[in-house]
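Novice: Here's a sequence, model it:
(one chain, ligands or ions: 1)
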Amino acid sequence: MRIDVVTIFPDYLAPLDLSLPGKARDKGLLDLRVHDLRQWTTDRHRTVDDTPYGGGAGMVMKPEPWGEALDAVAGGATIVFTTPSGEPFTQRLAEELSGHEHLVFACGRYEGIDQRVIDHAATVGTVREVSLGDYVLNGGEVAALAITEAVVRLLPGFMGNAESLVEESHTDGLLEYPVYTKPATWRGREVPDVLLSGDHARIAAWRREQAEHRTALRRPDLLPATGAVGALADLDVR
Ligand code: 6GU
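Specialist: Modelled structure (predicted):
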């Protein structure tokens, strides 16, 4: 997979040289390139922003450098604009993106990028506007980092242990069950007996129950809606 990141803060992406994505690069699974948007400016001050038409607070990223950048690196790619007004990033989207040959992250700053850049990008490649969640970051760089890490670890041949991909949170639509390791007693706290029982069926049932309980408490939105049919099923009538 090839990933290009276009940003005015290339140093923000330095962590991609470490840990998981770094390993993927060493294994030859990932060709990652970070570009400074300012290389595609032409004025002495290397300007990337200007005041918004129609007025209002803050600055908008100018179209010209973005147009040159996308023309240079994004032909045929899936172009991901990181923005708080995008679709929410999920494990499902990570899986989808991990199947694409070439991703380009366009990291927005300030109040956003001139809309014509996004419209133009749709003629260069396939556009996705993606948000990390319902809160505001100063720019899209941290989102590009997070999305890259979530995507790269799904590349075939990346994970040593493919089972840990199947069992983890969100893959089955539930949060992960609590986990324990040695010692069996720590500061007076015991590991649940069932995990020491060696009864694999009971262990699997306990973990499933814990995952459902956790999900119901923390993320009820992840559970199937309990409508009339579900309520009837719960009452064991019907
Ligand atoms: Cl992708 N960008 C910014 N600036 N803020 C965000 C975000 C992205 N996702 C959540 N908040």
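Novice: OK, contacts around the residue nearest the centre of the chain?
Specialist: Centroid-nearest residue in the chain: Ile147, 3.0 Å away (criterion: CA atoms, centre = their mean). Counting by CB atoms under 8 Å, 6 or more residues apart in numbering, Ile147 makes contact with Val80, Thr82, Phe89, Ala94, Leu97, Phe105, Val130, Leu132. Every C-beta, even on glycine, is put in place using the N, C-alpha and C of the backbone.
Novice: out of those residues, who's near the ligand?
Specialist: Thr82, Leu132 (CB under 6 Å from any ligand atom).
Novice: mind checking the longest strand of this protein?
Specialist: For the chain, the strand with the greatest residue count under DSSP state E is strand 78-88.
Novice: Could you pull out the buried residues of it?
Specialist: Of the residues in strand 78-88, Thr78, Ile79, Val80, Phe81, Thr82, Thr83, Pro84, Gly86 count as buried by neighbour count, 16 or more other CB atoms under 10 Å.
Novice: still on that earlier bit, among the contacts of Ile147, which one sits closest to Gly173?
Specialist: Closest approach between those and Gly173, by CB to CB: Ala94, at 14.2 Å.
Novice: Count the neighbours of that closest one for me.
Specialist: 19 (other CB atoms under 10 Å).
Novice: before we move on, back to that, with distance to Pro156 and pLDDT as added columns, please give the buried residues of strand 78-88 in CSV.
Specialist: Shown next, in CSV, are the buried residues of strand 78-88 (distance: CB to CB, whole Å; pLDDT from 0 to 100):
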residue, distance to Pro156, pLDDT
Thr78, 18, 99
Ile79, 23, 99
Val80, 21, 98
Phe81, 27, 98
Thr82, 25, 98
Thr83, 29, 97
Pro84, 32, 96
Gly86, 27, 97
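Novice: Which two among those are spaced furthest apart?
Specialist: Thr78 and Pro84 (19.8 Å).
Novice: Spell out which parts of the chain neighbour the ligand.
Specialist: Counting by CB under 6 Å from any ligand atom, the chain comes close to the ligand at Thr82, Thr83, Pro84, Ser131, Leu132, Gly133, Tyr135, Val136, Leu137, Gly139, Gly140, Ala143.
Novice: Filter those residues down to just the ones in strands.
Specialist: Among the residues of the chain next to the ligand, DSSP E puts Thr82, Thr83, Pro84, Ser131 in strands.
Novice: need those residues in CSV with distance to Ala24, can you?
Specialist: Converted to CSV, those look like this (distance: CB to CB, whole Å):
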residue, distance to Ala24
Thr82, 20
Thr83, 26
Pro84, 28
Ser131, 24
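Novice: how about these, which pair is most distant?
Specialist: By the measure CB to CB, Thr82 and Pro84 form the most distant pair in these, at 8.7 Å.
Novice: No more questions from me, cheers.
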